[in-house]
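Student: what would the 3D arrangement of this be:
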Amino acid sequence: MARLRRRACVALFLFTLFVLATLMGLRTLKPTDGFSALAPGADVLPVIGEKVDRRSVSSDVQPSPAQARNPKLLASNSSPDKGVSYDVHIFYYMWYGNPQMDERYLHWDHILVPHWDPKIAASYPRGRHVPPEDIASSFYPELGPYSSRDPEVLESHMEQIGAAGAGVLVLSWYPPGLADDHGEPTEDLIPSILDAAIRHGLKVAFHIQPYKGRTDHSVHENIKYITDRYGDHGAFYRFTTSNGKALPLFYIYDSYLTPPEAWAEMLTSTGSHSLRGTPYDGVFIALIVEERHKNDILAGGFDGMYTYFASNGFSYGSSHQNWKGIKTFCDGNNLLFVPSVGPGYIDTSIRPWNNHNTRNRVNGRYYETTLQAALNVRPEIVTITSFNEWHEGTQIERAVPKKTVTRLYLDYQPHEPDLYLELTRRWVEQFSREKEQWLM
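Tutor: Numbering: from 1, shown residues only. Here you go, the predicted model:
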């Protein structure tokens, strides 16, 4: 009898652990964001193998008068004949390297970033990763720790992005000779990326990073450089407005680092070095992190705002519950609202102290929730964070199971490595159908 009681106690303990783990996983969907239809387990979008729901998504967000006034809010940039939508943009990183192509590993050997508080930092490991078995990611790519310079890798990436239905890849860009703190300059890769993109019917936009010394004047020169150097390429993305203008579109990461008064000198018609009405005019999208950035972006002369971060609740801008209010603000001020959606978030492979911002994928449910949240506000453009930001675990690129002596990587099982490509493809199709109805 005692043995039976022990067995029963063990079974009850294991069952309790299972229930707690399940609840913690579902908690990352953050149902408290106010989308009652998005409770954990709700069929937001089809999971692989299930029937696609063709019904329209209901939303209480109606087109505002501003949408009729602002040509940027009404243009459709889809490309049904190519099977992709140019209204779906995906952030792309070209900073990876390995010994076969680059003589050493780049970014896969990323350091473990110490916490800014020395007392907290002392509780976590230091050092750097040692590829190929130990890489700076919680997931392991199907292609292994690849080089962004590898032509075969580039072809695979374009094929995957096209298969997902995203029509525009948004390059993380630094001026010639500059790079992020852990990589090397990549400007020489851009012609190959443009050529590969056009072979797959894709377009390329630019995500201007906060390099050292970035100002409104230096960005002015960056825009001229990019437009002059790549503007004639067939893959160079231009946003077509309803009045027929085709303008380059630029994302400005961490735009809040520069005062709005300085941006206004470049982005308003009366600015001292204005791009407006010149051959270098464009559609300029700023990053919204805090609520106060809405008015700063408006004052700076930007054409819209995007949210980037794939961790719901991490910032004001990335919190789904705030998207309706941001969209209303944008509609009322002739601005584009570009929400960023992502499959999850985990950056503890490089920031081991940041576990509180992890958002578990829950076999695709988190992604479905954020995709639906974007649909609910009827955006003109949606961005996906990301195709291959492996450090922060936001990638939709194919990943595979991997276990080493010291590491057990996360993966997409029980689904296949292309789970998130397939979910994206189905959502892009739904987004295109919904958008046609919005514009009728």
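
Student: the residue nearest to residue 133 when sequence neighbours are not counted: neighbouring residues, count only.
Tutor: Nearest non-adjacent residue to residue 133, counting by Cβ to Cβ, 6 or more residues apart in numbering: residue 404, 4.4 Å away. Any C-beta I mention is one placed from the backbone N, CA and C, and that applies to glycine too. By the criterion of other Cβ atoms under 10 Å, residue 404 has 12 neighbours.

Student: ok, residue 404 to residue 372 distance?
Tutor: 36 Å (Cβ to Cβ, to the nearest Å).

Student: so residue 211 sits against residue 178, correct?
Tutor: Yes - Residue 211 is within contact range of residue 178, at 4.9 Å (criterion: Cβ atoms under 8 Å).

Student: residue 86: how many residues sit nearby?
Tutor: Neighbours around residue 86, by other Cβ under 10 Å: 22.

Student: measure it to residue 425 for me?
Tutor: Taking Cβ to Cβ, one finds residue 86 at 15 Å from residue 425.

Student: now swap in residue 102 and tell me
Tutor: Residue 102 sits 32 Å away from residue 425, going by Cβ to Cβ.

Student: which pLDDT value goes with the residue nearest the centre of the chain?
Tutor: Nearest to the mean C-alpha position of the chain, counting by Cα atoms, centre = their mean, stands residue 385 at 1.4 Å. Predicted confidence (pLDDT) at residue 385: the value is 98.

Student: for residue 174, what are phi and psi?
Tutor: Here is the backbone geometry of residue 174 (degrees, to the nearest 10): phi -120, psi 150.

Student: and it, what pLDDT?
Tutor: Predicted confidence (pLDDT) at residue 174: the value is 98.

Student: flag the shaky bits of the stretch 51-200 of the chain, pLDDT-wise.
Tutor: For the stretch 51-200 of the chain, the stretches flagged by pLDDT under 70 are 51-82.

Student: and the helices in it?
Tutor: 65-69, 99-102, 118-121, 151-164, 190-199 (DSSP state H, counting those that start in this stretch).

Student: which other helices and strands contact the host helix or strand of residue 368?
Tutor: According to DSSP states H and E, residue 368 maps onto helix 365-376. Packing partners of helix 365-376 (3 or more Cβ pairs under 8 Å, 6 or more residues apart in numbering; DSSP states H and E): helix 323-332, strand 340-341, helix 419-438.

Student: tell me, how many residues neighbour residue 98?
Tutor: By other Cβ under 10 Å, neighbour count at residue 98 equals 23.

Student: swap in the one 5 residues further on?
Tutor: Residue 103 is flanked by 9 other residues according to other Cβ under 10 Å.

Student: next, find the distance separating it from residue 111.
Tutor: Residue 103 is 19 Å from residue 111, by Cβ to Cβ.

Student: repeat for residue 166
Tutor: Residue 166 is 31 Å from residue 111, by Cβ to Cβ.

Student: over to residue 183?
Tutor: Residue 183 is 12 Å from residue 111, by Cβ to Cβ.

Student: out of these two, which sits in the busier spot?
Tutor: Using other Cβ under 10 Å, the more surrounded residue of residue 183 and residue 111 is residue 183, with 19 against 13.

Student: where's the more buried one relative to residue 86, distance?
Tutor: Distance of residue 183 to residue 86, given as Cβ to Cβ: 28 Å.

Student: and what of residue 143?
Tutor: Noted for residue 143: a distance of 26 Å to residue 86, by Cβ to Cβ.

Student: likewise residue 400?
Tutor: Taking Cβ to Cβ, one finds residue 400 at 30 Å from residue 86.

Student: ditto for residue 128
Tutor: Per Cβ to Cβ, residue 128 is found 39 Å from residue 86.

Student: now residue 344
Tutor: Residue 344 sits 25 Å away from residue 86, going by Cβ to Cβ.

Student: give me the mean pLDDT for the helix or strand harbouring residue 264.
Tutor: For residue 264, the host element (DSSP H and E) is helix 260-267. The average pLDDT for helix 260-267 rounds to 98.

Student: residues in contact with that helix?
Tutor: Here helix 260-267 makes contact (Cβ atoms under 8 Å, 6 or more residues apart in numbering) with 215-217, 219-220, 255, 271-276, 284, 286, 296-297, 299-302.

Student: next step: those restricted to strands.
Tutor: The strands, defined by DSSP state E, take in 284, 286 from the contacts of helix 260-267.

Student: from the contacts of helix 260-267, keep the buried residues only.
Tutor: Among these, those classed as buried by 16 or more other Cβ atoms under 10 Å are 216, 219-220, 255, 271, 274-275, 284, 286, 296-297, 300-302.

Student: same list (those residues) but as a markdown table, adding pLDDT and distance to residue 430.
Tutor: As requested, those are exported to a markdown table (pLDDT from 0 to 100; distance: Cβ to Cβ, whole Å):
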| residue | pLDDT | distance to residue 430 |
| --- | --- | --- |
| 216 | 98 | 39 |
| 219 | 98 | 36 |
| 220 | 98 | 39 |
| 255 | 98 | 30 |
| 271 | 98 | 40 |
| 274 | 98 | 40 |
| 275 | 98 | 36 |
| 284 | 98 | 29 |
| 286 | 98 | 28 |
| 296 | 98 | 33 |
| 297 | 98 | 29 |
| 300 | 98 | 34 |
| 301 | 97 | 34 |
| 302 | 98 | 29 |
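
Student: who are the contact partners of residue 146?
Tutor: Applying Cβ under 8 Å, 6+ apart, the residues near residue 146 are 96, 98, 153.
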